[in-house]
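> Could you work out the structure for the sequence below:
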Amino acid sequence: MSADARFMSVSKAAEIVSASEGQRVDRSTLSRYIKRYASDFAPRREGRETLIDVNALLEHRKVNIRVERGSPEPFKADVKVASTKERKGEIDVRIAEIELEREEEKRARERGEIIYVADLAAAAEAAIKAFGAALDEAESDAAEDIARRTRSEARHVRPGLRTLKRSALEAFTRALTRVLPSSEVDTPSA
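Reported below is the predicted structural model:
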């Protein structure tokens, strides 16, 4: 610490910082700043009071804080206070928009442009079952054909085809699950 260190309370330091920077710095703002950079200017406690080296604080803020010189008053955003009538009018407009959206959705459902997620999930399950049935039906013919071409027996080919069917159904189910909106598609047992 330097020999010319001036230790004082955070409240007094806030006044000095405000005067030197040309804009108001609140005690709470300065207190947070000190807590964040405590290692740079070693605050010390005396009773309930935190004392800080004001010279070190001012030097630290010169280096680390970009102060815009301007009005000593803190920035206040323009606040528009809506009257009760204006607010009620906004609410009425929003209610009308919601009712219009519901009517549009109802008409779209009637035209078949929108379906319920549950109906979509049921259709996906039906597609998986139909795909499984088609694979079952094709398995016998394929087993006989593969056995004839490879000069082996169909009973040796069928386990490989069942494994292929199971993997194809799992992949198909995963693909449908990815595109369906947060619903569950049951995998039929192979």
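
> hey, let's count contacts and neighbours off CA atoms from now on
Noted.

> Pull out the buried residues from the helix or strand of the chain with the lowest mean pLDDT.
When the helices and strands of the chain are scored by mean pLDDT, DSSP states H and E, helix 38-41 comes last with a mean of 77. Counting neighbours by 16 or more other C-alpha atoms under 10 Å, one finds that the buried residues in helix 38-41 are residue 41.

> and that helix, what other elements does it pack with?
Here helix 38-41 is seen to pack against helix 54-64 when contacts are counted using 3 or more C-alpha pairs under 8 Å, 6 or more residues apart in numbering; DSSP states H and E.

> Against which helices or strands is the helix it packs on packed?
helix 38-41.

> got the contact list for the helix it packs on?
The contact list for helix 38-41 (C-alpha atoms under 8 Å, 6 or more residues apart in numbering) reads 52-53, 56-57, 60.

> Just among those, which is most surrounded?
Neighbour counts for the contacts of helix 38-41, by other C-alpha atoms under 10 Å, peak at residue 52, which reaches 23 neighbours.

> Is that one in contact with residue 37, as I believe?
No - look at residue 52 against residue 37 with C-alpha atoms under 8 Å: they stay out of range, at 11.6 Å.

> So what are the structural domains in this structure, by residue number?
As given by automatic domain parsing, the domain ranges for the chain are 7-64, 80-114, 117-179.

> how far does the strand or helix carrying residue 177 sit from the chain's center?
Using DSSP states H and E, residue 177 sits within helix 154-179. How far helix 154-179 lies from its chain's middle: 36 Å, per C-alpha atoms, centre = their mean, to the nearest Å.

> Now that helix: buried residues?
Buried, per 16+ other C-alpha under 10 Å, within helix 154-179: 154, 157-158, 161, 165-166, 169-170, 172-173, 176-177.

> Reformat those as JSON lines; add pLDDT.
What follows is those, written out as JSON lines (pLDDT from 0 to 100):
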{"residue": "154", "pLDDT": "84"}
{"residue": "157", "pLDDT": "87"}
{"residue": "158", "pLDDT": "87"}
{"residue": "161", "pLDDT": "87"}
{"residue": "165", "pLDDT": "87"}
{"residue": "166", "pLDDT": "89"}
{"residue": "169", "pLDDT": "87"}
{"residue": "170", "pLDDT": "90"}
{"residue": "172", "pLDDT": "85"}
{"residue": "173", "pLDDT": "85"}
{"residue": "176", "pLDDT": "81"}
{"residue": "177", "pLDDT": "80"}
